[in-house]
Each structure stands twice: as structure tokens, then as C-alpha cells.
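S.K.: here is my input, please return the structure:
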Amino acid sequence: MRYKAHQVPSLLVTGSNGQVGFELRRSLAPLGEVIALDRSVCDLSRPESLRDVVRSIRPDVIVNAAAYTAVDQAETEPELAYVVNGIAPGVLAEEARACGSLFIHYSTDYVFAGIGDAPYVESDATGPLSVYGKSKLAGEAAVEAAQASSLVLRTSWVAGLHGANFAKTILRLGRERDALRVIADQFGAPTTASLIADVTARLIERAWLRGDRAALPGGIYHLAAAGETSWYGYATEVLRHAAAKGVALKIKPHAIEAIPATAYPLPAPRPSNSRLSTRKLRETFDIHLPSWQQGVHYLLDQLLP
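M.R.: This is a model prediction of the structure:
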């Protein structure tokens, strides 16, 4: 099925006030009518209520950007994490199938155990270490079971203009403290919310709105910026770029202390290897993914005066 020129697609976005949801409101606007809902209207902690929401709108596309993302808190709230991350996506996918919609859902590098140093491909065995990771893996399974036309996009180390994230925290601490200790033995690719939203828009346009729906290559894809770094390398680059822009810092970028993860224990274990191979996404949809440094610089240029 292809849209005729006079038809205006409708795109439902959940989690509209989150990092990615906020950017989707911008990136999807040229594609049609964007119906962006926050938790007050679309509450994933009450999955069955989502059916009426979708049925009242009957969108052409559903993008689920809502999630339980408090990784450490999930260790003490496993039931809530599983409802929001594991059950609700399946309900949305079921409703997407019922009304013939495309369903896009975001997952995470935390579904892997983080073993070794090779980038994970989509078919690699999963083995989440935390409640958060297990709940997100359950969500992937629920989406698959719904048998909707769907794309599951696993991403990592998300940072955006809207909401809290590592880049903003490091920028604030760099202004406030003369000493910083940052983990140097966990590796991944910082990925901006704007990149995730822009790629999502491209996938929707090329694979759904302008393409042959029956031939949509659905399934799981990895979406992350190109390259890799550690949290230490990420923090150093944030402060280096900030200093270059004239930000007054109490600590020099090279003065950050690199520490092992064991020196900074957290309630939820993190994977040491969060590298994601994006080859499948790039080759299937002919997409270029910029370097993580480019994304971080763009983010900081917007954040800084």
C-alpha cells in the first residue's frame, strides 16, 4: 500500500516528554499529523488503558518512546519496570496489528551481558544483568509475539537536550568540582536523542509511508552513533569541547581520574561492553550514522551559550 498525495498520515508518539519523544515531535512533523502523548494521557503502567487510546486515534504509525528508565531504581521496583517495559509494548504492538499500523519500539544495549569487546550483532545471545535489562528484553519478546509490522531499535548511552543525561551531568560537575572520577572500563557509543529521532523518521518515510508495506524488513536493529569510547573518554570529550567554547571549568579535561567500575558500585550492574554493530541497519535502509563525537558536539553547541 502506498499513500496518495492528498492523504495525511497520523503518527502516534508515546513518552512525548522524554529525551527521544521530545525530539520525535520535531523529526516526525514533516511526515504527517503527530499526536504526541505524555503519561497523563498514555500511561504504560496501565497497559490495558492503552487499547482505548490507540483505538480512538487509529494511527498509521505508533512510535513507543515511553519507558521505565530508572536503571538503579528498577532493582527495587521490578514489578513496575516489567509492566512498563515488558507488558505495555506488547499491548501497543497488538493494537498496531489490529489497525494495520507500523509499530516502532526502542530497546537497549542492556539486554546483553557485556562480555568481550566485539560489537554485538542483533542475533547474538542476550543475557541482561539488571532488572531494567530483563524488562526491556521482555518488551522485545512481547512485540515479536504480537506479530505486528514492527521495528525494534536497540540503542545506547542516550543524551538529549530535554531531560537528564550523562553529558549534562559532566558539564555541571566540571563547573562545580576540581576533581572528578569517571569509569574507564565500560565501552559504548554516546548516541543523541536527535539522531535516534531523525533515523526513526527516515525509516518511517522510506520503509512505510513511501514503500511497500508488505515488504517491510521488520525485526530488531541496532541504532547507535559510529565509533566507541568509555565513560571516561566521553566525559573528557564533553569538558574538552566545553573548554574550547569558553566555558569556565574548575577541572581541566585531562585531570579527570579514570577508575574501574568496581570503584563505583551501583545497585544495578552495567554491561562492560555496550558496543552495538549497526551494519544491519545501515545496509538495509541505506543510512549513514555520524560519529559519537559529532553528536556530542552538536548537543553541547545547543546547550552552551
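
S.K.: for the host helix or strand of residue 199, buried residues please.
M.R.: Assigned by DSSP states H and E, residue 199 falls within helix 193-204. Of all the residues in helix 193-204, those buried under the rule 16 or more other C-beta atoms under 10 Å are 193-201, 203-204. In short, each C-beta sits where N, CA and C put it, glycine included.

S.K.: go on, stretch 210-219?
M.R.: Result for stretch 210-219 [16+ other C-beta under 10 Å]: buried residues 211, 218.

S.K.: now that stretch: mean pLDDT?
M.R.: The predicted model gives stretch 210-219 an average pLDDT of 77.

S.K.: and for stretch 72-87?
M.R.: Over the span of stretch 72-87, the pLDDT mean works out to 98.

S.K.: now the phi/psi pair for residue 107, please.
M.R.: phi -120, psi -160 (degrees, to the nearest 10).

S.K.: give me the neighbour count for it.
M.R.: 23 (other C-beta atoms under 10 Å).

S.K.: can you tell me how far it is from residue 247?
M.R.: Per C-beta to C-beta, to the nearest Å, residue 107 is found 34 Å from residue 247.

S.K.: surely residue 42 and residue 53 touch.
M.R.: Yes - contact status for residue 42 versus residue 53: in contact at 5.4 Å, counting by C-beta atoms under 8 Å.

S.K.: give me the more crowded residue out of those two.
M.R.: Neighbours per residue (other C-beta under 10 Å) separate residue 42 from residue 53, with residue 42 holding more: 24 against 19.

S.K.: helix, strand, or coil at that one?
M.R.: Here residue 42 takes the coil state, with states given by DSSP: H, G, I helix; E, B strand; the rest coil.

S.K.: ok, now which ones touch the residue nearest to it when sequence neighbours are not counted?
M.R.: Distances taken as C-beta to C-beta, 6 or more residues apart in numbering put residue 14 closest to residue 42, at 4.9 Å, once the chain neighbours are dropped. By C-beta atoms under 8 Å, 6 or more residues apart in numbering, residue 14 lies in contact with 21, 37, 42, 44, 62-66, 92.

S.K.: could you check the pLDDT of residue 14?
M.R.: So residue 14 comes in at 97 (pLDDT).

S.K.: and what of residue 257?
M.R.: Looking at residue 257, its pLDDT is 96.

S.K.: let me see the ranges of the helices in the stretch 201-305 of the chain.
M.R.: With DSSP state H, counting those that start in this stretch, the ranges of helices along the stretch 201-305 of the chain come out as 231-244, 279-285, 292-303.
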